[in-house]
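> Take this sequence and fold it.
(one chain, ligands or ions: 2)
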Amino acid sequence: MSDIIYTKVDEAPELASASFLPIIQKFAAAAGVSVGTKDISLAGRIISTFPDYLTEEQRQTDDLAELGKLVKTPEANVIKLPNISASVPQLVAAIKELQSQGYALPDYPETPSTDEEKAVRAKYDGIKGSAVNPVLREGNSDRRAAKAVKSFAQSNPHRMGEWTADSKTRVASMSGGDFFSNEVSATLANEATAKIVLETADGETVLKEGVAYPAGTVVDATYMSAAALDAFLADEIEKTKAEGTLFSLHMKATMMKVSDPIIFGHAVKAWLAPVFEKFGDKLDALGVTGNAGLGTLLEKIKGEPEIVAAIEEITAARPPMYMVDSDKGITNLHVPSDVIIDASMPALIRAGGKGWGPDGKEADANCVIPDNSYAPVYDETIKFFKENGKLNPATAGTVQNIGLMAQKAEEYGSHPTTFEIPAAGTVKMILDDGTVLHSHDVEAGDIWRSASSRKAPIEDWVNLAIDRQKAEGCRAIFWLDANRAHDAQLIAYVKPILEAKGVADKFEIMAPREATRASLETITKGENTIAITGNVLRDYLTDLFPILELATSAKMLSIVKLMQGGGLFETGAGGSAPKHVQQLQGENHLRWDSLGEFCALGESLTFLADAKGNEKARVLGAAVDAATQGILDNDRSPSRKVGEPDNRDSHYWFARYWAEALAAQTADADLAAHFAPIAEALVAGEEKITAELAAAQGAAADLGGYYRTDAAKTSAVMRPSATLNAIIG
Ligand code: NAP
Ligand code: MG
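Residues are numbered from 1 along each chain as shown. Ligands and ions are numbered 1, 2, ... in the order given. Take a look at the predicted model:
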């Protein structure tokens with residue numbers, strides 16, 4: 001195994017790797033550090049799942065499983081780039097592309113009937129959604145902006161939309177019947193194995209059995225009432241119309257792969273309610289559920305003029321919808337993978353509460369977030385800015401995050417203990433000693449789920465927070481609601497640990513709404529605070545605050561302190577930026593900013609130095625930090641516009657600053673001597689290299705695929721400077 005594993009992923013970050021990874025490998029080799037790759041891309045994961053359908057040459061090892069083992073060892077040193085959390089339409093598109101490339105993969109069975117189809121479907125479903133991160137995240141999360149990044153943002157503040165008191169933008173959330181209000185939670189005194197059953201008038205169905213929990217596990221159960229959800233959605237559509245705002249839905253439609261696609265489907269059905277009432281049978285026969293989105297639905301009913309007309313009629317009567325792409329007519333409800341609350345809500349808040357309407361103009365929006373567990377965070381943020389005006393990034397302090405996530409803690413909805421209830425009855429969670437731990441009366445269509453958080457990860461998380469607070473000395477808040485069932489169990493862990501360590505006075509515990517306000521007040525004063533949160537808020541807040549403070553979450557340091565001693569370094573808190581690929585394909589300009597990769601690389605090398613006593617790696621890591629600083633100080637980050645420097649240019653500058661820093665340092669004379677001529681060549685080649693890179697832009701670029709690109713073509717596109725390639729090799 002290589003010293004450092006750099007993950008092979010998808011979309012924009014993978015394109016960036018085609019340019020950046022050869023530079024990393026060349027530089028690391030000088031310190032005797034090997035950097036290898038493991039393929040966790042959507043295409044790679046599909047291929048590795050179906051060896052029996054493929055030829056010998058086509059087969060791939062299951063790299064995710066290998067990485068899953070590696071992260072449980074102290075040797076782990078993984079640089080993890082963002083990968084696609086696939087929705088069904090994305091999965092289907094990837095399968096199609098692979099088939100067209102000669103991979104004889106089975107189709108995705110939309111409605112599996114035979115045993116074989118069911119088996120294929122189960123395998124594909126294992127690839128969907130957030131299937132990668134839970135495997136790798138064998139530790140809790142430490143996310144913050146590196147000092148250099150934060151001070152750059154303060155001296156180069158980005159534009160922020162104005163917030164005014166009369167903005168009609170608001171958050172709408174359910175006041176009952178949702179996951180938040182139905183939650184129950186208990187901490188297991190002893191280890192136990194649970195089964196989940198549904199008791200109905202016709203008898204008992206086992207939904208799941210053999211769910212094993214070690215002692216001390218916090219086990220929650222809750223459900224979303226389908227009837228309450230439908231009533232809420234219908235009501236909010238009407239209210240949006242009365243208020244004259246855009247209707248917008250914000251949730252995690254693909255990552256929460258079981259629950260949220262269903263909720264998204266309810267929204268599609270609510271929007272087209274009269275159509276589903278009138279043509280329900282026909283839509284069923286066509287296999288239309290709503291869960292795959294309006295886009296797929298419109299595709300499937302193309303040949304049904306009556307339904308098309310009915311859709312047009314109801315659309316005309318609805319309020320305007322918030323758009324993903326108004327030029328292309330892609331609405332909020334078209335594609336589930338476009339509905340990502342942690343990206344959409346901060347963007348709307350940064351824009352002063354504005355979303356894009358169907359007319360291509362900005363407007364206020366009704367932000368519909370059905371479940372009320374975390375909606376108060378956005379609601380309070382919006383209220384705060386209405387009262388106080390927009391945040392000033394030039395003077396604002398920062399919100400760091402310590403997030404609980406190890407061993408699938410709080411993996412809501414994306415795990416195998418979430419069910420759409422087939423018939424009215426009672427769901428019970430029964431332990432092997434016969435204890436009924438949790439019980440809920442449910443109706444057909446309700447979404448029931450259980451999530452758990454183990455003791456060791458919780459304790460590790462609290463201790464990580466204590467270390468971080470000590471290092472920063474700033475305000476630190478546990479975002480836990482004493483009135484929420486799950487949070488109350490966590491508080492019972494947190495308080496004794498803080499008291500035993502004598503640091504209880506350094507921490508506050510507040511419900512998410514109060515914590516949001518307190519944090520915004522703190523950073524408005526220019527001071528810093530640490531948000532110590534569960535898994536969902538780790539995700540949401542490390543997009544929300546960075547997007548307000550730094551304009552993007554892509555520049556965050558995101559470190560996973562693996563519980564077995566290894567390190568997992570995530571590159572930023574953002575995603576895989578599909579829009580960036582489109583731009584590259586159209587005009588050969590890649591606006592992806594690799595700053596997240598730069599920060600992760602520096603941390604990874606320093607970690608390697610500590611773990612293996614490799615002092616050359618330490619020198620290399622320190623020089624990475626200097627190069628990152630150089631990129632920021634000299635404004636070498638990619639521009640968004642074709643014809644201006646892009647991702648590839650930033651890699652040239654990074655290599656140059658890195659080599660210069662290595663040549664200049666005095667800690668290791670061999671490395672200095674090795675890198676002096678490289679630095680010289682990079683400086684001397686500046687004009688030629690930048691000209692070669694500039695000449696590559698403008699025309700369409702062929703990558704030979706989207707989900708599985710052609711390596712040679714991608715390399716040709718991403719490494720167009722012969723002069724630079726001659727230096728890097
Ligand atoms: P996203 O790709 O981060 O997109 C949001 C926007 O943020 C982008 O369109 C881009 O804005 C900007 N952005 C993000 N990273 C950037 C970078 N390095 N440089 C420059 N701009 C950057 O998020 P998304 O649309 O929520 O998610 C897309 C996909 O990524 C999904 O499949 C999602 O599941 C996945 N995802 C993976 C991870 C992970 O693996 N850790 C995390 C989040 C999301 P402009 O277009 O305006 O330039
Ligand atoms: Mg996120």
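
> name the helices or strands packed onto the helix or strand harbouring residue 620?
Counting by DSSP states H and E, the secondary-structure element that holds residue 620 is helix 615-633. Applying 3 or more CB pairs under 8 Å, 6 or more residues apart in numbering; DSSP states H and E, one finds that helix 615-633 makes contact with helix 147-155, helix 595-612, helix 647-664, helix 669-684. Every residue, glycine included, has its C-beta placed from N, CA and C.

> Repeat the analysis, applying 7 Å as the threshold.
Other helices and strands packing on helix 615-633, by 3 or more CB pairs under 7 Å, 6 or more residues apart in numbering; DSSP states H and E, are helix 147-155, helix 595-612, helix 647-664.

> How about the shortest one and ligand 1, any contact?
Meaning helix 147-155. No - no part of helix 147-155 sits close enough to ligand 1 to count as contact by CB under 6 Å from any ligand atom; the gap is at least 12.4 Å.

> next one: stretch 620-639
No - with CB under 6 Å from any ligand atom as the measure, stretch 620-639 is seen stopping short of ligand 1, the closest distance being 7.2 Å.

> SS state for the spatially closest residue to residue 209 that is not a sequence neighbour?
The shortest distance from residue 209 to any non-neighbouring residue, by CB to CB, 6 or more residues apart in numbering, is to residue 195 (3.9 Å). Reducing the assignment to helix, strand or coil with DSSP: H, G, I helix; E, B strand; the rest coil, the entry for residue 195 is strand.

> Show me which residues of the stretch 251-400 of the chain sit near ligand 1.
Within the stretch 251-400 of the chain, the positions near ligand 1 by CB under 6 Å from any ligand atom are 255, 337, 340, 343.

> Spell out which helix or strand contains the first one, please.
By that I understand residue 255. Secondary structure here is read from DSSP H and E; on that basis residue 255 sits in neither a helix nor a strand.

> in terms of contact, does it touch residue 131 like I think?
No - between residue 255 and residue 131 there is no contact under CB atoms under 7 Å: 9.6 Å.

> higher neighbour count, these two?
In this view residue 255 and residue 131 are compared by other CB atoms under 10 Å, and residue 255 has more residues nearby, 25 against 20.

> quick one: the residue nearest to that one when sequence neighbours are not counted from residue 257, how far?
For residue 255, the nearest residue in space outside its immediate sequence neighbours is residue 130; the separation is 4.2 Å by CB to CB, 6+ apart. Counting by CB to CB, to the nearest Å, the gap from residue 130 to residue 257 is 7 Å.

> quick one: contacts for residue 79?
For residue 79, the contacting residues are 4-7, 569, 571, 600-601, 604, taking CB atoms under 7 Å, 6 or more residues apart in numbering as the criterion.

> Make sure it is indeed in a helix.
No - residue state for residue 79 (three-state DSSP) corresponds to strand; a helix is not indicated.

> hey, what's it bridged with?
Beta-bridge pairing of residue 79, defined through DSSP bridges, involves residue 6, residue 569.

> all strands in the stretch 151-300 of the chain, in order from the N-terminus.
170-172, 184-187, 192-200, 203-213, 218-224, 246-249 (DSSP state E, counting those that start in this stretch).

> What is the neighbour count of whatever residue of the chain ends up closest to ligand 2?
Of all residues in the chain, residue 342 sits closest to ligand 2, at 3.7 Å by CB to the ion. Using other CB under 10 Å, residue 342 has 26 other residues around it.

> and it, how far is that from residue 545?
Distance from residue 342 to residue 545, counting by CB to CB: 11 Å.

> ok, which stretches of the stretch 301-450 of the chain are helices?
Secondary structure of the stretch 301-450 of the chain (DSSP state H, counting those that start in this stretch): helices located at 305-317, 341-350, 375-388.

> Redo the residues of the stretch 251-400 of the chain next to ligand 1 as TSV? Include pLDDT.
Shown next, in TSV, are these (pLDDT from 0 to 100):
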residue	pLDDT
255	70
337	84
340	90
343	92
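
> who wins for neighbours among those residues?
Result: residue 255 is most packed of those (other CB under 10 Å), 25 neighbours.

> Report all helices and strands that the lowest-mean-pLDDT helix or strand in the chain contacts.
Sorting the helices and strands of the chain by mean pLDDT, DSSP states H and E puts helix 133-136 at the bottom, at a mean of 86. Contacting helix 133-136 under the criterion 3+ CB pairs under 7 Å, 6+ apart are the following elements: helix 63-70.

> for the helix it packs on, packing partners?
The elements that helix 63-70 packs onto, with contact taken as 3+ CB pairs under 7 Å, 6+ apart, are strand 35-39, helix 42-49, helix 133-136.

> out of the ones you listed, deepest packed?
Ranked by average neighbour count under the criterion mean count of other CB atoms under 10 Å, these are headed by helix 42-49 at a mean of 23.

> circling back: okay, the strands of the stretch 151-300 of the chain in a markdown table with mean neighbour count and distance to residue 680 next?
Formatted as a markdown table, the strands of the stretch 151-300 of the chain follow (neighbours: other CB atoms under 10 Å; distance: least, CB to CB, whole Å):
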| stretch | mean neighbour count | distance to residue 680 |
| --- | --- | --- |
| strand 170-172 | 21 | 57 |
| strand 184-187 | 18 | 63 |
| strand 192-200 | 18 | 65 |
| strand 203-213 | 14 | 60 |
| strand 218-224 | 25 | 59 |
| strand 246-249 | 27 | 54 |
